[in-house]
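A.B. asks: just a sequence and a predicted model for now, questions to come.
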Amino acid sequence: MSTPNFSRCNSSKIFAYGFNKYYDEETIKDNDLDESLIGQYDECQTECDAECEQENCIELLEEKGYHSVDKEWRGDWKVLARKSKSFRFCGIDLEINMEANTKSGYYEGAQFDWDADLNVYYSYRECGCIWHDSFQYDLTGNYEVDTDNVIDDNWLDNKGLSAIHAEKLIRKIRQVRDELIKEIEEVFGQCCEHKLNCVGIFSNGEAIYEEA
């Protein structure tokens, strides 16, 4: 059985980089290397290029207000940078957290991707004191926040008001999230070697990619 080189991602396309590099005549000549190396895998250059592309991505994200993250992993994904955007809507304090990450390909290369979640802050009174807490929701995949969350978790502390404003709240949240997605994917596009789409996966797991 084969397996796709790149993992499923949240990004609109696969932002791929870090592909294998091979010795060529120019490299051999400039570094006075043995000509028998021509065409062979250049591990040093491959790793160097991948690290440079990651560093370039982080620098560009920092210009957009992201903060770099050092030595943090989420499973197979390495976290590169993180940014939070806070806003108030319908009297509710909201915060979207965007995360830039990367993962090595199964056979070669790597990909940039993002993840996002939402914090909804609220206050309540108990035992004569006012307490502050928050709900956290996904902003991707099957468990993406929706109007049911607004109503069931009673974001506005009033079931009727939560139901009335649920659709408007979700539209606003997705609008802000989509603006952040556009921003981060523009950076990925500047740092990757190829923008790819997966156009098919065979029954044996092998995938076909083409330029987006």
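C.D. replies: Here it is on my side, so go on. Numbers count the residues shown, from 1 in each chain.

A.B. asks: put the alpha carbons of the lowest-mean-pLDDT helix or strand in the chain into PDB.
C.D. replies: Of all helical and strand segments in the chain, the minimum by mean pLDDT, DSSP states H and E falls on helix 25-30, at a mean of 71. The C-alpha trace of helix 25-30 is given here as PDB (Å, rounded to 0.1, in the frame of the first residue of the first chain):
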ATOM      1  CA  GLU A  25      27.400  20.700 -12.300                       C
ATOM      2  CA  GLU A  26      27.300  24.300 -10.900                       C
ATOM      3  CA  THR A  27      27.300  23.100  -7.300                       C
ATOM      4  CA  ILE A  28      30.100  20.600  -8.000                       C
ATOM      5  CA  LYS A  29      32.200  23.300  -9.700                       C
ATOM      6  CA  ASP A  30      31.600  26.100  -7.100                       C
END
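
A.B. asks: chain center to the top strand by length along the chain: distance?
C.D. replies: The residue-count maximum for a strand in the chain (DSSP state E) belongs to strand 110-126. Strand 110-126 has its C-alpha centroid displaced from the chain centroid by 14 Å (C-alpha atoms, centre = their mean, to the nearest Å).

A.B. asks: can you list the low-confidence ranges for this protein?
C.D. replies: For the chain, applying pLDDT under 70 flags the ranges 1, 23, 28, 36-37, 39, 41.

A.B. asks: how about the helices in it?
C.D. replies: Secondary structure of the chain (DSSP state H): helices at 25-30, 43-63, 147-152, 159-191.

A.B. asks: residue nearest the centroid of the protein?
C.D. replies: The geometric centre of the chain, computed from its C-alpha atoms, lies nearest to residue 114 (C-alpha atoms, centre = their mean), at 0.6 Å.

A.B. asks: from residue 34, how far off is it?
C.D. replies: 43 Å (C-beta to C-beta, to the nearest Å). From N, CA and C alone the C-beta is placed, and that goes for glycine too.

A.B. asks: and if you look at residue 189?
C.D. replies: From residue 189 to residue 34 the distance is 38 Å (C-beta to C-beta).

A.B. asks: same question, residue 70
C.D. replies: In terms of C-beta to C-beta, residue 70 sits 38 Å off from residue 34.

A.B. asks: between those two, who's got more neighbours?
C.D. replies: residue 34 (9 against 6; other C-beta atoms under 10 Å).

A.B. asks: mind listing what's buried in the least confident helix or strand of the chain?
C.D. replies: For helix 25-30, the neighbour count (16 or more other C-beta atoms under 10 Å) marks no residue as buried.

A.B. asks: again with stretch 5-15
C.D. replies: 5-6, 9, 11, 13-15.

A.B. asks: so what's the residue count around the nearest residue to the residue nearest to the centre of the chain once chain neighbours are set aside?
C.D. replies: Nearest residue to residue 114, sequence neighbours excluded (C-beta to C-beta, 6 or more residues apart in numbering): residue 184, at 5.1 Å. A total of 26 residues lie near residue 184 under the criterion other C-beta under 10 Å.
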